[in-house]
Each structure stands twice: as C-alpha cells, then as structure tokens.
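> next input, structure requested:
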Amino acid sequence: MSVWPAWEVRERAGVTSWFNVRLAFADGAQVDVLAVVSEGDVSIEDVRAQPPLSLGDLDLLAEWIEEPLFEACGAPAASSHEPSREEGSSRRARAAWPRGIEGRRLVAEEYLAAQGEGRDPVLAVMCATGHSRRRSLKLIAGARDAGFLTPRHARR
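Next comes the predicted model:
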C-alpha cells in the first residue's frame, strides 16, 4: 500500500488533507483511492479499481486504508478497533477463482445460466470471476475445450 499527500486546506478550525492511496494485490488487482482526512475522520472521495470491487470489499475499503492514512498525516486513529475480518481471510480485491477443471466447470455453469436467462453470458462470467472481458473469453474457451460447453462452430 502506498499513501502520498495530494493537497491540504488549513482553516481556523483545523486542517483537511487529501491523500492518494494505492493498494496493489498479489493477484494483479489494483485500487486507487482519493481519501480525505478531516478532524480524525476518513472519507473516500473517489475509487478506481481494476477489476471492480464487490460491494463487500467496497464496504471494507475504509478500514483497509484508515490506519496507513492516519500514519501518513501524523494523526492518531479516531477509533482503535481492528478491521472486522475473519481469521485467515485475505485482503484480495476479488474472491479467489478456482483453477483447473473446477474453474472451467464453474465458468460453464455461469455461462449456461446466463444464456438460459437471456443475459449476456460473457458479462456474467466477467462478473462472477472479476476478470476482464479478454480473460473471461479465455476462460470460456478453456471450458469449451474441456467439453463443458458446446463447440462454437460446427466442424466439417
């Protein structure tokens, strides 16, 4: 995690500081945040994440960045509670997607379920895996090669 100051405004009542925060995860996911520290509180102004954050991860984002932000501005943390994460859980931007045959089977299930409901199957796989369109298409191709989906074109 990297934290660096963007700008600050001094008022009679105190100081309001904006910080850029970058979280980089081992799986290649990245989150950029513009956060505001004012009177011992953290507010999030802007979030950009690749791949997109789930609502649960977005809910935890303030807890992830709170302590490093207060350290960067030299202020004590307003609340001294530990982040509410279960033991052994990771700080990934997206849930781990199984590799190998299990992952291909799950991709096929998502694809077929979306197709049956009349939704875009590629978008459904993107949402389920948290991967980009290109990576999701590769996963779908892998599921086809494994025999979980029908071939795209009739072979002659």
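
> could you export the helix or strand of the chain with the lowest mean pLDDT as CSV, CA atoms only?
Ranked by mean pLDDT, DSSP states H and E, the weakest helix or strand in the chain is helix 55-73, scoring a mean of 73. C-alpha atoms of helix 55-73 as CSV (Å, rounded to 0.1, in the frame of the first residue of the first chain):
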residue,chain,number,x,y,z
LEU,A,55,-19.9,-4.3,-2.5
GLY,A,56,-18.4,-6.2,0.4
ASP,A,57,-14.9,-5.1,-0.5
LEU,A,58,-16.0,-1.6,-1.0
ASP,A,59,-17.5,-1.6,2.4
LEU,A,60,-14.2,-2.8,3.9
LEU,A,61,-12.1,-0.3,1.9
ALA,A,62,-12.2,2.5,4.5
GLU,A,63,-11.0,0.0,7.2
TRP,A,64,-8.1,-1.1,4.9
ILE,A,65,-6.8,2.4,4.4
GLU,A,66,-7.6,4.1,7.7
GLU,A,67,-4.5,3.2,9.7
PRO,A,68,-2.0,4.0,6.9
LEU,A,69,-3.7,7.3,6.2
PHE,A,70,-3.6,8.4,9.8
GLU,A,71,0.1,7.4,9.9
ALA,A,72,0.8,9.4,6.8
CYS,A,73,-0.8,12.6,8.2
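
> from the rest of the structure, what touches whichever helix or strand comes after that helix?
Next helix or strand after helix 55-73 toward the C-terminus (DSSP states H and E): helix 100-117. Residues from elsewhere that reach helix 100-117 (Cβ atoms under 8 Å, 6 or more residues apart in numbering): 97-98, 120-125, 128-129, 136, 139-140, 142-143, 146, 148-149. All C-beta spots, glycine's among them, are computed from the backbone N, C-alpha and C.

> do that again at 7 Å, thanks
With Cβ atoms under 7 Å, 6 or more residues apart in numbering as the test, helix 100-117 has contacts from 97-98, 120-121, 124-125, 128, 139-140, 142-143, 146, 148-149.
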